[in-house]
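>>> Please find the sequence and the predicted model below.
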Number of protein chains: 4
Amino acid sequence: MAETLTFQPADDHFAERVWESFNRQGIMHFLGARLVHVAPGECDIELPFKPELTQQHGFFHGGAIGAIADSAAGYAGYTLAPADSGVLTIEYKLNIVAPGDGEKLIARGRVIKPGRSVSVTEARVIAIKNGREKLCAICLQSLAVRQGLPEFLG
Amino acid sequence: MAETLTFQPADDHFAERVWESFNRQGIMHFLGARLVHVAPGECDIELPFKPELTQQHGFFHGGAIGAIADSAAGYAGYTLAPADSGVLTIEYKLNIVAPGDGEKLIARGRVIKPGRSVSVTEARVIAIKNGREKLCAICLQSLAVRQGLPEFLG
Amino acid sequence: MAETLTFQPADDHFAERVWESFNRQGIMHFLGARLVHVAPGECDIELPFKPELTQQHGFFHGGAIGAIADSAAGYAGYTLAPADSGVLTIEYKLNIVAPGDGEKLIARGRVIKPGRSVSVTEARVIAIKNGREKLCAICLQSLAVRQGLPEFLG
Amino acid sequence: MAETLTFQPADDHFAERVWESFNRQGIMHFLGARLVHVAPGECDIELPFKPELTQQHGFFHGGAIGAIADSAAGYAGYTLAPADSGVLTIEYKLNIVAPGDGEKLIARGRVIKPGRSVSVTEARVIAIKNGREKLCAICLQSLAVRQGLPEFLG
């Protein structure tokens, strides 16, 4: 559903804050995930293939798909949080629509509706195989926005 | 909500099938997850703490919580699948209700309603700290039951 | 999953508040829903069959199932809200596991985890046919707890 | 997230089938809902305001929002089902992002990923007040596609 949304960040330093927070998440390094795009209301995370991330058929495991979907959606929400606030996952729902088959995954997190206390975000996870993109999963997430919480806590 | 459910497995070898399938999931080894209980309609998975699994505050990351919740619920559903069938995650929803703070997590997957083509399962993820249990997350999952699919594909 | 949870209401008048709020919800009267049980962390709502509530096969429509599930879970959460606070549905997920076939439905809302700003609740919807109970749907819900909001806003 | 998707219906008579099925859903008449748009992978349902559909503040109740979201998403999926097949809601998740405040609601159901046995759809529910549109809710739904089921069963 095409829709053009423009978001105004509440804090000019939103991008630095996302990068710093992402770099402190032990699990993102462990999985091999990389932050590749940060903009107001947007965050993309890439995950290159490695055998440690697979299920039995050699595809990306749902756990890896879910981890980057949750993080990309969460950091998308975090880009719009005020300077003294952070965000926290209340919950997310993940529909897996195709196997995670490819040389990498990319999770594209986008804000659907920013809020003062709750923001709603989504992420679409794309599997890229031989350069072709295929939708692999879609995530719909609720975030709590909290004063005094200085980042996205995945 | 207390409820006593007794499930009859369709295949006597359900437990071996779960163990074999679990052992082929690269990501479960990588995370350090262990299968600790398999019974008709039930599967528990433990995840000991290690720094690689954390978010910024040193707690288990939501991605690790989600990965074992999805797998415990999925294998619970798989225990009731016929011998020539397997199960596949259609979707799951995960509510994170407390930080993953402790020396280990345990995800307790249970079947809510087995079905011929769709089964509904849940998992409760408990954080264990100094031996005390605390609810950390709850997951509600839909599984597709498919003939010719010989396992749970996470 | 059997679990015994005891909740302490923050406001002794929780039951009156639930009854008063329920009675102001136009749609509950319109559907014919009745409040039948209120206790700390618990709320049950019944919906007798009428042809206006059906889908094409003469069963209760998913919309009717969802409406009482959301309300029963929401009022369950509201029983634990402080006197000056109310609750608001952030989101819910509803799995429909069997047709709504019977002379009435009963939605049993229960709190899973009360919180200061977010509470997590569930509802199980049972179809009663010739006096026999059958699970029809399960709902997992997130509620925002808000000061100055004097009820559950469905 | 702008994306252009073109779907090819499997049955040329998809629109008649949607209209006929919708007209047999007792609850849609009861609520006052109207089918206003049917195209391959798309279905819009409108719900004019009436006091019987409200919660305590005079806004549309979440139950009414959920009912048209589930139906619009379900009929969107049904437009792509083969002639001898129908669809059934497995589950949906609904995030309510703003009060249902206006003279009418419109639920815009769209297919995200059609499948042979499971389709994934979404609906965005818009509240229209003095002619201005405001996002009120977003729904992410899983549908079972079944041979021999001649419609969308809400």
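All right, it came through fine. Here the structure is a predicted model, which is why all the values come from computation and not from measurement. Residues are numbered from 1 along each chain as shown, chains lettered A, B, ... in the order given.
>>> sec struct for the most centrally placed residue in chain A, please.
Closest residue to the average C-alpha location of chain A: A:Ala72 at 0.8 Å, with CA atoms, centre = their mean. Classification of A:Ala72 using DSSP: H, G, I helix; E, B strand; the rest coil returns helix.
>>> Low-confidence bits of chain A, can you list those?
A:1-5 (pLDDT under 70).
>>> beta partners for the closest residue in space to the residue nearest to the centre of chain A that isn't next to it in sequence?
Counting by CB to CB, 6 or more residues apart in numbering or on different chains, A:Ala72 lies nearest to A:Gly109, which is 3.3 Å off, once chain neighbours are set aside. Backbone N, C-alpha and C define where each C-beta goes, glycine included. Under DSSP bridges, the beta-bridge partners of A:Gly109 are A:Cys43, A:Ala123.
>>> A:Gly109 against A:Leu80, yeah?
No. Here A:Gly109 does not reach A:Leu80: they are 11.7 Å apart, not a contact under CB atoms under 8 Å.
>>> Compare the two (neighbour count), which wins?
A:Gly109 (31 against 24; other CB atoms under 10 Å in any protein chain shown).
>>> Next one: the more buried one relative to chain B, how far apart?
From A:Gly109 across to chain B, the span is 14 Å (CB to the nearest CB, to the nearest Å).
>>> who in chain A is up against chain B?
Applying CB under 8 Å from any CB of the partner chain, we find that chain A lies next to chain B at A:21, A:24-27, A:29-31, A:51-57, A:61-64, A:66-68, A:70-71, A:89-96, A:99, A:151, A:153-154.
>>> which of these are buried?
Neighbour-count burial (16 or more other CB atoms under 10 Å in any protein chain shown) is assigned, among those, to A:21, A:25-27, A:30-31, A:53-56, A:61-64, A:66-68, A:70-71, A:89-96, A:99, A:151, A:153-154.
>>> Quick check: which of those residues are also close to chain C?
Answer for these near chain C (CB under 8 Å from any CB): A:Ile90, A:Glu91, A:Lys93.
>>> bridging residues for the residue nearest to the second one when sequence neighbours are not counted?
So the one you mean is A:Glu91. Once flanking residues are discounted, A:Glu91 sits nearest to B:Asn95: 4.1 Å by CB to CB, 6+ apart. Per DSSP bridges, the residues bridged to B:Asn95 are A:Glu91, B:Ile138.
>>> And what about A:Tyr75, helix, strand or coil?
Quick answer, by three-state DSSP: A:Tyr75 is helix.
>>> Quick check: closest non-adjacent residue to it.
Leaving out its chain neighbours, the residue that sits closest to A:Tyr75 by CB to CB, 6+ apart is A:Cys43, at 3.8 Å.
>>> quick one: the helices in chain A?
A:14-23, A:26-31, A:62-78 (DSSP state H).
>>> Now do the buried residues in the first one.
This means helix A:14-23. A:Phe14, A:Ala15, A:Arg17, A:Val18, A:Ser21, A:Phe22.
>>> Specify which member of those residues is nearest to chain B.
Nearest to chain B among these, counting by CB to the nearest CB, is A:Ser21 at 6.4 Å.
>>> contacting residues for that closest one?
Contacts for A:Ser21 (CB atoms under 8 Å, 6 or more residues apart in numbering or on different chains) come out as A:Tyr75, A:Tyr78, A:Pro150, A:Glu151, A:Phe152, B:Gln56.
>>> and the two most separated of those residues?
By the measure CB to CB, A:Tyr75 and A:Pro150 form the most distant pair in the contacts of A:Ser21, at 13.5 Å.
>>> The two - which one has more neighbours?
The neighbour comparison of A:Tyr75 against A:Pro150 (other CB under 10 Å) goes to A:Tyr75, with 30 against 16.
>>> Touching, that one and A:Trp19? I think so.
No. A:Tyr75 sits out of contact with A:Trp19 when judged by CB under 8 Å, with a separation of 9.5 Å.
>>> shared neighbours of the two, anything?
By CB under 8 Å, 6+ apart, the residues touching both A:Tyr75 and A:Trp19 are A:Leu35, A:Val38.
>>> how about the residues of chain A that lie near chain D?
A:1-4, A:93, A:95, A:97-98, A:108, A:110, A:112-113, A:115, A:120, A:122, A:124, A:135, A:138, A:140, A:142.
>>> For PyMOL, what selects the buried ones among those?
Burial among the residues of chain A next to chain D is assessed by 16+ other CB under 10 Å; the matching PyMOL selection reads:
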select buried, chain A and resi 93+95+97+108+110+112+113+115+120+122+124+135+138+140+142
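>>> ok, back up a step: distance to C:Asp84 for the helices of chain A - can I get that in a markdown table?
What follows is the helices of chain A, written out as a markdown table (distance: least, CB to CB, whole Å):
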| stretch | distance to C:Asp84 |
| --- | --- |
| helix A:14-23 | 34 |
| helix A:26-31 | 40 |
| helix A:62-78 | 29 |
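>>> Of those, which is nearest C:Lys129?
Closest approach to C:Lys129 among the helices of chain A (CB to CB): helix A:62-78, 36.6 Å.
>>> Would you mind putting the CA coordinates of the closest one into PDB?
Taking C-alpha atoms only, helix A:62-78 is exported to PDB below (Å, rounded to 0.1, in the frame of the first residue of the first chain):
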ATOM      1  CA  GLY A  62      13.500 -18.100  11.900                       C
ATOM      2  CA  GLY A  63      15.300 -17.000  15.000                       C
ATOM      3  CA  ALA A  64      17.800 -15.000  12.900                       C
ATOM      4  CA  ILE A  65      15.000 -13.500  10.700                       C
ATOM      5  CA  GLY A  66      13.100 -12.500  13.900                       C
ATOM      6  CA  ALA A  67      16.200 -11.000  15.500                       C
ATOM      7  CA  ILE A  68      17.000  -8.500  12.700                       C
ATOM      8  CA  ALA A  69      13.300  -7.700  12.100                       C
ATOM      9  CA  ASP A  70      12.800  -6.800  15.700                       C
ATOM     10  CA  SER A  71      16.000  -4.700  15.700                       C
ATOM     11  CA  ALA A  72      15.400  -2.900  12.400                       C
ATOM     12  CA  ALA A  73      11.800  -2.000  13.500                       C
ATOM     13  CA  GLY A  74      13.000  -1.000  16.900                       C
ATOM     14  CA  TYR A  75      15.800   1.300  15.700                       C
ATOM     15  CA  ALA A  76      13.400   2.800  13.100                       C
ATOM     16  CA  GLY A  77      11.200   3.800  16.100                       C
ATOM     17  CA  TYR A  78      14.200   5.000  18.000                       C
END
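>>> angle of that helix against helix B:62-78?
With axes from the mean of the first three to the mean of the last three CA atoms, to 10 degrees defining the directions, helix A:62-78 sits at 140 degrees from helix B:62-78.
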